[in-house]
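Visitor: Sequence first, then the predicted structure:
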Amino acid sequence: MKTILKNITALLQSIPELRYVDEDWGQLDYYSPHFPVLWPCALIDIANADYSNIGKDRTATPMERQEATATLQLRVADLKLSNSSAMTPDTMKEDVWAVEDLLQKIHEKLQGFKPVENTGVLVRTKRSRAKRDDGVQLYNVVYTFGIHNC
């Protein structure tokens with residue numbers, strides 16, 4: 001899992017608009033109003049992995065081999081400093097919608113990416129928005145992938 005997370009982090013760091021990419025250890029949950037991130041940010045974690053046994057390989061450690069279906073939880077956040085009401089100037093509205101452009105750039109990088117040799121490709125399976133009362137615009141995106149012979 002460590003190598004998977006490191007490879008996904010490196011890929012996301014290639015997006016210039018992202019100012020902070022890290023493993024999600026609660027940066028957006030426990031530190032308001034002084035978040036230890038730069039905006040916009042992407043936080044990643046392997047949220048879940050369901051394993052099943054596939055047999056033995058006496059040359060490997062452990063001998064009992066498994067495969068898994070795992071989910072990558074991606075939290076993309078930015079501070080929303082302007083509004084998008086009908087009376088807002090168009091130049092300010094573009095700033096509000098910038099997070100959608102960022103989500104698309106992230107998706108273009110991650111969709112179909114194979115983090116390591118024994119995994120399948122990442123496939124986006126869910127997107128949701130978390131409503132917050134602190135000005136943080138937060139989106140949760142889930143990608144699913146398989147891991148073989150782990």
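Guide: Thanks, I have the structure now. The model shown is predicted, which means the values in this text are computed figures rather than measured ones.
Visitor: Please make it C-alpha for all contacts and neighbour counts, starting now.
Guide: Fine.
Visitor: and the residue nearest the centre of the chain, what are its bridge partners?
Guide: Centroid check for the chain by C-alpha atoms, centre = their mean gives residue 74 as the closest residue, at 2.1 Å. Beta-bridge pairing for residue 74 (DSSP bridges): residue 44, residue 141.
Visitor: Outside of the one helix or strand in the chain whose mean pLDDT sits lowest itself, list whatever touches it.
Guide: Within the chain, confidence by mean pLDDT, DSSP states H and E is lowest for helix 90-110 among all helices and strands, at a mean of 86. Residues outside helix 90-110 that contact it (C-alpha atoms under 8 Å, 6 or more residues apart in numbering): 8, 11-12, 15, 17-18, 76, 78, 80-84, 122-124.
Visitor: Considering those residues, which possesses the most neighbours?
Guide: Within those, residue 76 tops the neighbour count with 25 neighbours, counted by other C-alpha atoms under 10 Å.
Visitor: Return the distance of stretch 34-51 from the chain's centre.
Guide: 6 Å (C-alpha atoms, centre = their mean, to the nearest Å).
Visitor: and what of stretch 115-125?
Guide: That offset, for stretch 115-125, works out to 13 Å (C-alpha atoms, centre = their mean).
Visitor: got the buried residues for it?
Guide: For stretch 115-125, burial by neighbour count (16 or more other C-alpha atoms under 10 Å) applies to 115, 119-124.
Visitor: got those as CSV, with secondary structure and distance to residue 65 columns?
Guide: Below are those laid out as CSV (DSSP: H, G, I helix; E, B strand; the rest coil; distance: C-alpha to C-alpha, whole Å):
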residue, secondary structure, distance to residue 65
115, coil, 20
119, strand, 14
120, coil, 17
121, coil, 20
122, coil, 22
123, strand, 24
124, strand, 27
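Visitor: picking up where we left off before, so which of the contacts of helix 90-110 would you say is closest to residue 57?
Guide: Nearest to residue 57 among the contacts of helix 90-110, counting by C-alpha to C-alpha, is residue 122 at 26.6 Å.
Visitor: For the closest one, report the pLDDT, please.
Guide: In this prediction, residue 122 carries a pLDDT score of 98.
Visitor: Enumerate every residue touching it.
Guide: 110-115, 143-145.
Visitor: Of the buried residues of stretch 115-125, which pair is most distant in space?
Guide: 119 and 124, at 15.0 Å, using C-alpha to C-alpha across those.
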